[in-house]
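Participant: give me the fold of what follows.
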Amino acid sequence: MNVALDAGPLICVVGARPNYMKMAPLLRAIRAEPRLPRAVLVHTGQHYDFALNDRLFADLELPAPDVNLEVGSGSHAVQTAEVMKRFEPVMLQHKPSCVIVVGDVNSTMACTLVAAKLHVPVVHVEAGLRSFDRGMPEEINRLVTDQIADLLYTTERSAHDNLAREGIAPERAHFVGNLMIDSLHAALKKAVPPETTLAREGVGADWLDGAPGFGVLTLHRPSNVDDPANLAELLDILRRVGERLPLVWPMHPRTKANIDRLDLAPRLAGARIACLPPQGYLEMVGLLSRARLVITDSGGVQEETTSLGVPCLTMRPNTERPITIEQGTNTLVPRDAGVVLTLVDDILVSGGKRGRAPELWDGRAAGRIAAHLADWLALRMPALRSEVAA
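Facilitator: Next up, the predicted model:
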């Protein structure tokens, strides 16, 4: 059966920047698979920095969205409800054969709920990851999405154990590898050199002052940057790290707004920390690939540094990506100056934790997904046609 001639489109959903890196290679693979229907890219607008979005789309060779819901910010409840309200008419208009969601943002869960209530199959890419911390909104999104989705693609084998514990039938889950690494491999060939990025932002070559390289910071989670005491403590720790190794900090808008609102910028005065505006994907890949170490609270950066072999200190009490600790370069650290500085010193002396690339993090996950999805849809099409007719 030629599914492409017999099915509605695939609606592919992105809502926030981490989704773009996963959807870009998958869209290319879908378009290269003749058995699959056409793809309709829907951007919910959950992240709405349009200038940065355009830059990231260009860097990733991700086409402009076919639909932009322009949801914007709001509380978790408001944002989720607004996505659902605006996504339903898109579903009714396009009558898709399935909906593909990636990651764990509010848009992932919201679009899954809408599709399920309309009896349209849902495919969740990056399924089964768990931090076991329900204080994280992303954990709730992951749990709900995986329970409802019909087909679950995983990035690591331990995800299947998590799904089994939650009563999810094993035949619904398929291990395919990591789309984030597909994008990383493609970007390495055209990454912007750090010298170019720093010069463009007005940071001269003398900034390093003979230092043996630099580190990179990416910090944005509410637990680190929303609480005034936590943020002040974090800035003091980073200042001391900068005394050992100059740091490049492409600052998340949320983090910068909080530093300004709380008048904490003086804590960084004179520190060897180059604070930059948000950077494009190719600039970030260039920085990460050349860094001596990375300090982050991002999920995706944990994966990227593991693939690049760069030591990573993740300032969180837990991670939904344990494979980056067990096999990769990642170490969880508290907001504790003694612990952080000891680890930084060790990295500078020994090179730190190197690890290895996990299984199937080979840059070819998108092709595996597209091939499996074509087979899966072909088997389901008679049932889908019956549901539509009813």
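Participant: how much space separates the closest residue to Leu332 other than its chain neighbours from Arg272?
Facilitator: In space, and not counting its chain neighbours, Leu332 is closest to Thr314: 5.3 Å by C-beta to C-beta, 6 or more residues apart in numbering. For every residue, glycine as well, the C-beta is placed using N, CA and C. Plainly put, Thr314 is 22 Å away from Arg272 if you go by C-beta to C-beta, to the nearest Å.
Participant: same question, Lys189
Facilitator: 31 Å.
Participant: tell me the contacts of the residue nearest to Leu332?
Facilitator: When the contact criterion is C-beta atoms under 8 Å, 6 or more residues apart in numbering, the partners of Thr314 are 296-297, 302, 330-333.
Participant: who does it bridge with?
Facilitator: Assessed by DSSP bridges, Thr314 has beta-bridge partners Thr296, Leu332.
Participant: and the pLDDT at it?
Facilitator: Among the per-residue scores, Thr314 holds a pLDDT of 98.
Participant: compare Lys189 and Arg272 (neighbour count), which wins?
Facilitator: Using other C-beta atoms under 10 Å as the criterion, Lys189 and Arg272 rank with Arg272 on top: 20 against 8.
Participant: wouldn't that one be in contact with Leu247 here?
Facilitator: Yes: with contact defined as C-beta atoms under 8 Å, Arg272 reaches Leu247; the gap is 6.7 Å.
Participant: and for His119, the neighbour number?
Facilitator: Residues near His119, counting by other C-beta under 10 Å: 10.
Participant: which element is it on?
Facilitator: Assigned by DSSP states H and E, His119 falls within no helix or strand.
Participant: now it: how far from Glu320?
Facilitator: His119 is 29 Å from Glu320, by C-beta to C-beta.
Participant: and what of Pro266?
Facilitator: 35 Å.
Participant: same check on Gln147?
Facilitator: Relative to Glu320, and taking C-beta to C-beta, Gln147 is found at 16 Å.
Participant: now the strands for the protein?
Facilitator: Secondary structure of the chain (DSSP state E): strands at 10-14, 39-43, 67-68, 98-102, 122-127, 151-154, 173-175, 215-218, 247-250, 273-276, 293-296, 312-314, 330-332.
Participant: using TSV, lay out these together with distance to Asp182.
Facilitator: TSV is the format used below for these (distance: least, C-beta to C-beta, whole Å):
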stretch	distance to Asp182
strand 10-14	15
strand 39-43	16
strand 67-68	24
strand 98-102	12
strand 122-127	11
strand 151-154	13
strand 173-175	15
strand 215-218	20
strand 247-250	22
strand 273-276	26
strand 293-296	20
strand 312-314	20
strand 330-332	20
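Participant: so where's the stretch 1-150 of the chain uncertain?
Facilitator: Where the stretch 1-150 of the chain drops to pLDDT under 70, the residues are 1-6, 47-52.
Participant: re earlier: neighbour-wise, which of Pro266 and Glu320 wins?
Facilitator: When Pro266 and Glu320 are compared for neighbours, Glu320 comes out ahead with 22 against 9, by other C-beta under 10 Å.
Participant: isn't that one right up against Ser298?
Facilitator: No: taking C-beta under 8 Å as the definition, Glu320 is not a contact partner of Ser298, at 11.5 Å.
Participant: what is the burial count for Thr154?
Facilitator: By other C-beta under 10 Å, the burial measure for Thr154, its neighbour count, is 24.
Participant: good, wrapping up.
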